[in-house]
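Participant: Kindly generate the corresponding structure for this input.
(one chain, ligands or ions: 1)
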Amino acid sequence: MLNEFTYCRRLFYLEWVQGEFAESADTLEGRFKHRRVDRERGDLPDHDDLPPEIVQARSVLISSEKYRLIARIDLLEIEPERVVPVDYKRGSMPDLPEGAWEPDRVQLCAQALILQDHGYRCDHGIIYYAGSKKRTMVPIEDELIERTLALRDELIETALGGSIPEPLKDSPKCPRCSLVGICLPDETNLLFEKDMKGGENRRLIPARQDALPVYIQEQGVSVGKKGDLLTIRRKGKILKEVRLMDISQLCVFGNIQISTQALRELNTRNIPVCYFSYGGWFYGYNTGMTHKNIELRIRQFRVAANQEQSLDLARIFVNTKIRNCRTFYRRNHPSPDKKTVDELYRLSTRARHVKSSDILLGIEGAAAKVYFSKFAELVKAEEYKKDVSFIFKTRNRRPPRDPINALLSYAYSLLNKDLMVTLLAVGFDPYLGFYHRPRYGRPALALDLMEEFRPIIADSVVLTAINNNEITRENFIFRAGSVALDGEGRKKFLATYERRMDTLVTHPVLGYSISYRRVLELQARLLGRYLNGEIKTYPAFLVR
Ligand code: SF4
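Facilitator: This next block holds a predicted model:
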């Protein structure tokens, strides 16, 4: 970790104090190149009993109380007179007078100091850069020792300090950093400085995610694991195989069996499993270990207990939701009426200045009434307008009593699931919110964050599915006054939903293009940055 600390103080803090980890092409390649030296082999003899010929020991764990250092040495070359630590690095040898990057030299020096403390003669080390297949010799000299010990002291102080170091500014280190999507260096700097007018913001994180959700709704199938594949079988016959590395979450509907081996692998890889009833009600999830970022949860609980701070956030969530509803209505109505637009504007403005969460609740309810009273006017598909059983009058649920309400409920359920999974991945407790108060079984924080996305993701998917004739009369089941989608309807609706999640959108504050799926994660991380005190306000996702 001295290496990471020397590279970037914040990287060290994120990885070692907050327990963040993200796999990147570089870390995967590094692990692959390291696989041989990571296997423990050979012994380290006593310093006064070194063998007459050169021998090697691999993956040697050694520590020093005197120096307060511990290291795993990739390879030790044991010579008759001395020992030489050899460190393997994935990249190429830099064109520097020292022949090695500073973090690598510091790491090697720490290993040499530990060896010296155990009585070995160790006056130099070797760094092997696999990228250029070159070894470089690093002498353990006073200047390097002084630097290494100073960095060690600073590291201990930073780890115990309890506050995350600031991100680097415009650093060429960031684009190669595996934690860039978690750290958000440019975004945090930009929002901290409130310099939102300035030129283009660098987008250091990928616009889209490579891994995608897998939905299984075929009843009676079983999910297993075969090597690096997830298999879906019926009566032993394989129906489909999916590479585990391509899965972001596994969503199962109804009676689907999952083997222990598959569950364990999914847990190990931090791929959540989301359980839905056959009809699409999201009722649970299963994940690996809880996220290690306890600092974030402590701050979440602290702010949730503070009425004023909670109300500040609640105002932002509700104000943004109403404004996004207003924009959605204006964009999708053939001739939006001024009264509705003005009323939504008035309510959103009131939400921004309200003094109590009860009044805020009332404003949100009033805005929802105005918005949904006009929702049916956004529908173009004829069959949803002619047939009385299809006509949407107002929002109703549990159970939904018309097709549009059935679609809305289903869309909110999917969005809720995605936010739950995102919040868990970021390190939050999804059950403690700032606007939605705690109640048994209610994912209050997921519901908080969902507010700004309801119209622009969920309602938008519903309208697309209807107006593009993707979901038609045949896809609904009418039973005892309630309406639900049939299996085929759910399948088609999931495809529409996933398409929306994959759509690129320009972030209103950061100015770059990013998919809605990534936006959810970005907003959750920005909320974390706000709770950590790194940015002054939560920058809600307000569409223009
Ligand atoms: S992205 Fe940049 S600032 Fe953030 S941890 Fe990595 S190197 Fe440090």
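
Participant: any chance you could map the helices in the stretch 51-200 of the chain?
Facilitator: 102-117, 142-161, 180-183, 185-193 (DSSP state H, counting those that start in this stretch).

Participant: Columns distance to P438 and mean neighbour count on top of these, output as a markdown table?
Facilitator: C-beta here means a position set from N, CA and C on the backbone, and glycine is covered the same way. Shown next, in a markdown table, are the helices of the stretch 51-200 of the chain (distance: least, C-beta to C-beta, whole Å; neighbours: other C-beta atoms under 10 Å):
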| stretch | distance to P438 | mean neighbour count |
| --- | --- | --- |
| helix 102-117 | 44 | 23 |
| helix 142-161 | 31 | 14 |
| helix 180-183 | 27 | 22 |
| helix 185-193 | 28 | 20 |
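
Participant: closest to the ligand out of these?
Facilitator: For the ligand, the closest of the helices of the stretch 51-200 of the chain is helix 180-183, at 3.2 Å, according to C-beta to the nearest ligand atom.

Participant: CA atoms only for that closest one, dumped as CSV, please.
Facilitator: In CSV, the C-alpha atoms belonging to helix 180-183 read as follows (Å, rounded to 0.1, in the frame of the first residue of the first chain):
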residue,chain,number,x,y,z
VAL,A,180,-11.3,6.4,-11.3
GLY,A,181,-15.0,5.6,-11.6
ILE,A,182,-15.3,5.5,-7.8
CYS,A,183,-13.0,8.4,-7.0
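
Participant: quick one: average pLDDT of that helix?
Facilitator: Averaged over helix 180-183, pLDDT sits at 90.

Participant: if we can go back for a sec, any idea which of the helices of the stretch 51-200 of the chain has the lowest pLDDT on average?
Facilitator: helix 185-193 (a mean of 86).

Participant: In a markdown table, list the helices of the stretch 51-200 of the chain along with distance to the ligand.
Facilitator: Putting the helices of the stretch 51-200 of the chain into a markdown table (distance: least, C-beta to the nearest ligand atom, whole Å) gives the following:
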| stretch | distance to the ligand |
| --- | --- |
| helix 102-117 | 11 |
| helix 142-161 | 13 |
| helix 180-183 | 3 |
| helix 185-193 | 4 |
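
Participant: Identify whichever of those helices lies nearest to Q217.
Facilitator: Closest of the helices of the stretch 51-200 of the chain to Q217 is helix 180-183, at 30.6 Å (criterion: C-beta to C-beta).

Participant: Mind giving me the packing neighbours of that closest one?
Facilitator: Using 3 or more C-beta pairs under 8 Å, 6 or more residues apart in numbering; DSSP states H and E, the elements in contact with helix 180-183 are helix 516-531.

Participant: Okay, buried residues for the helix it packs on please.
Facilitator: 516-531 (16 or more other C-beta atoms under 10 Å).

Participant: Same question for stretch 64-71.
Facilitator: Neighbour-count burial for stretch 64-71 [16+ other C-beta under 10 Å]: S64, Y67, L69, A71.

Participant: cool, stretch 378-387 as well?
Facilitator: Here stretch 378-387 shows L378, V379, A381, Y384 as buried, counting by 16+ other C-beta under 10 Å.

Participant: tell me the contacts of the third one?
Facilitator: So the one you mean is A381. By C-beta atoms under 8 Å, 6 or more residues apart in numbering, A381 lies in contact with I466, N467, N469.

Participant: Name the SS class of it, please.
Facilitator: coil (DSSP: H, G, I helix; E, B strand; the rest coil).

Participant: Repeat that for T537.
Facilitator: coil.

Participant: In the stretch 201-350 of the chain, what residue lies closest to the ligand?
Facilitator: L204 (7.0 Å).

Participant: hang on, that residue packs against P185?
Facilitator: Yes: the pair formed by L204 and P185 meets the contact definition of C-beta atoms under 8 Å, at 7.1 Å.

Participant: For the protein, what lies in contact range of the ligand?
Facilitator: 8, 10-11, 14, 167-168, 171, 173-174, 177, 179-180, 183, 185 (C-beta under 6 Å from any ligand atom).

Participant: Kindly reformat those as a markdown table containing distance to L344.
Facilitator: Compiled in a markdown table, the residues of the chain next to the ligand are given as follows (distance: C-beta to C-beta, whole Å):
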| residue | distance to L344 |
| --- | --- |
| C8 | 45 |
| R10 | 41 |
| L11 | 44 |
| L14 | 40 |
| P167 | 37 |
| L168 | 42 |
| S171 | 43 |
| K173 | 45 |
| C174 | 40 |
| C177 | 42 |
| L179 | 40 |
| V180 | 38 |
| C183 | 37 |
| P185 | 36 |
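
Participant: So among the residues you listed, which ones count as buried?
Facilitator: C8, R10, L11, L14, P167, L168, C174, C177, L179, V180, C183, P185.
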